[in-house]
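Visitor: Sequence isn't available, so here's the structure alone:
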DNA sequence: TATTGTTATACTCTATAACTATA
DNA sequence: TATAGTTATAGAGTATAACAATA
């Protein structure tokens, strides 16, 4: 028995080099946030992608649909289904751009504004909960570090 | 013209409340890393999930398959395909655990060790590239902040 | 010719339930 | 009865190519 390699038990298992990789850590932290987001917004019909679109349309009424996608890193083909979904739910008003009739300009309906405001309240509570041991300096520092990575997008 | 709301142009469009949300920032930063990872490892057949499994099996030869999944947040049903894939490629040796014949214990083959070492070199280069303006203090600080979020996993 | 939104399609990752063989 | 791995399946997110309408 002393000669055989010990079989790793649950507690003694290590991540190996993975624990030093920023890509892996980001992936896991992002998954934790996403999972708690889903739990917190359950039943509202709001998903991360939908909220992203609502936020940009709310802040920029009459914004071009393709522009919203580019801001979020969503290709135009993949914008169609979520925008349809929210138009059918009566959250988003989608109109042909009179100055370029190929394009759509988006804005929130009154119902969309209400949904957005409610979701934002729930999301702020969810973030406050997951990040309850983060003070405002921690949060700012984290956002700043993440922004430097986002800026490397290409 | 002075009365009509200006239509947002690409440059003037804002993310709205999204820019303050840690969940969104993590999602985008993680996507930037994932995208550059894919580009850097193109042609090797290595994906993020596969490398995660390789790293744990490398560090813990003879580790239980289900344990690997739990470490990575992958459910047992979703471990089958990637492990099959790497067993068929001859990277992973999968054997019945003699002390519990329901279970599999995993280790890397010589070919698997070679693939893992090569991939790690490429991944370190990819991380150094994306994080070229991060000094070691920045990296450590980021990992520490992310670890605090990971710890909130439920 | 180029661009906007669309459709169709495919692949990865993820989530759940039910099965088998062992324990 | 509980657990490990498996199978089947379905839902999201994402990627590419080709099309119609418009620029």
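Guide: Perfect, I can see it now. The shown structure was predicted, so the numbers you read here are calculated from the model rather than taken from an experiment.
Visitor: so who does the residue nearest the centre of chain A touch?
Guide: For chain A, the residue lying nearest the average C-alpha position, counting by Cα atoms, centre = their mean, turns out to be residue A:48 (4.2 Å). Remark: with contacts taken as Cβ atoms under 8 Å, 6 or more residues apart in numbering or on different chains, residue A:48 is in contact with A:34, A:37, B:23, B:24, B:27. C-beta coordinates here come from the backbone N, C-alpha and C atoms, glycine included.
Visitor: can you count the residues close to residue A:28?
Guide: By the other Cβ atoms under 10 Å in any protein chain shown criterion, the neighbourhood of residue A:28 contains 22 residues.
Visitor: okay, now the residue nearest to it when sequence neighbours are not counted: neighbour count?
Guide: If you skip the residues right next to it in sequence, residue A:28 has residue B:150 as its closest partner in space, 5.0 Å away by Cβ to Cβ, 6 or more residues apart in numbering or on different chains. Other residues within reach of residue B:150 by the criterion other Cβ under 10 Å amount to 18.
Visitor: right, and residue B:150 touches residue A:26 too?
Guide: No - using Cβ atoms under 8 Å, residue B:150 is not in contact with residue A:26, being 10.1 Å away.
Visitor: Reduced to three states, what does the residue of chain A found nearest DNA strand C come out as?
Guide: Across chain A, the shortest distance to DNA strand C (Cβ to the nearest atom of the strand) belongs to residue A:66, at 2.5 Å. Reducing the assignment at residue A:66 to three states with DSSP: H, G, I helix; E, B strand; the rest coil gives helix.
Visitor: wait, what's in contact with it?
Guide: A:76, A:79, A:103.
Visitor: host element of the residue nearest to the second one when sequence neighbours are not counted?
Guide: So the one you mean is residue A:79. Distances taken as Cβ to Cβ, 6+ apart put residue A:69 closest to residue A:79, at 4.3 Å, once the chain neighbours are dropped. Taking DSSP states H and E as the definition, one finds residue A:69 inside helix A:65-72.
Visitor: Past that helix, which element shows up next along the chain?
Guide: Moving toward the C-terminus from helix A:65-72, the next helix or strand (DSSP H and E) is helix A:80-88.
Visitor: name the helices or strands packed onto that next one?
Guide: For helix A:80-88, the packing partners by 3 or more Cβ pairs under 8 Å, 6 or more residues apart in numbering or on different chains; DSSP states H and E come out as helix A:48-59, strand A:92-97.
Visitor: Now the phi/psi pair for residue A:89, please.
Guide: Dihedral angles phi and psi of residue A:89 (degrees, to the nearest 10) take the values phi -80, psi -10.
Visitor: Report how many residues lie close to the residue lying closest to it once chain neighbours are set aside.
Guide: If you skip the residues right next to it in sequence, residue A:89 has residue A:45 as its closest partner in space, 7.0 Å away by Cβ to Cβ, 6+ apart. Taking other Cβ under 10 Å as the neighbour definition, residue A:45 ends up with a count of 13.
Visitor: Would it be right to say that residue A:45 lies in a helix?
Guide: No - when classified by three-state DSSP, residue A:45 is found to be coil rather than part of a helix.
Visitor: Tell me the confidence at it?
Guide: At residue A:45, the predicted lDDT confidence score is 95.
Visitor: Which elements pack onto the longest strand seen in chain A?
Guide: Among the elements of chain A assigned as strand by DSSP state E, the one spanning the most residues is strand A:100-108. Here strand A:100-108 is seen to pack against helix A:48-59, strand A:63-64, helix A:65-72, strand A:92-97 when contacts are counted using 3+ Cβ pairs under 8 Å, 6+ apart.
Visitor: With distance to DNA strand D and mean pLDDT as extra columns, can I get those in JSON lines?
Guide: Shown next, in JSON lines, are the helices and strands packed on strand A:100-108 (distance: least, Cβ to the nearest atom of the strand, whole Å; pLDDT from 0 to 100):
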{"stretch": "helix A:48-59", "distance to DNA strand D": "4", "mean pLDDT": "98"}
{"stretch": "strand A:63-64", "distance to DNA strand D": "13", "mean pLDDT": "98"}
{"stretch": "helix A:65-72", "distance to DNA strand D": "8", "mean pLDDT": "98"}
{"stretch": "strand A:92-97", "distance to DNA strand D": "8", "mean pLDDT": "98"}
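Visitor: Okay then, goodbye and thanks.
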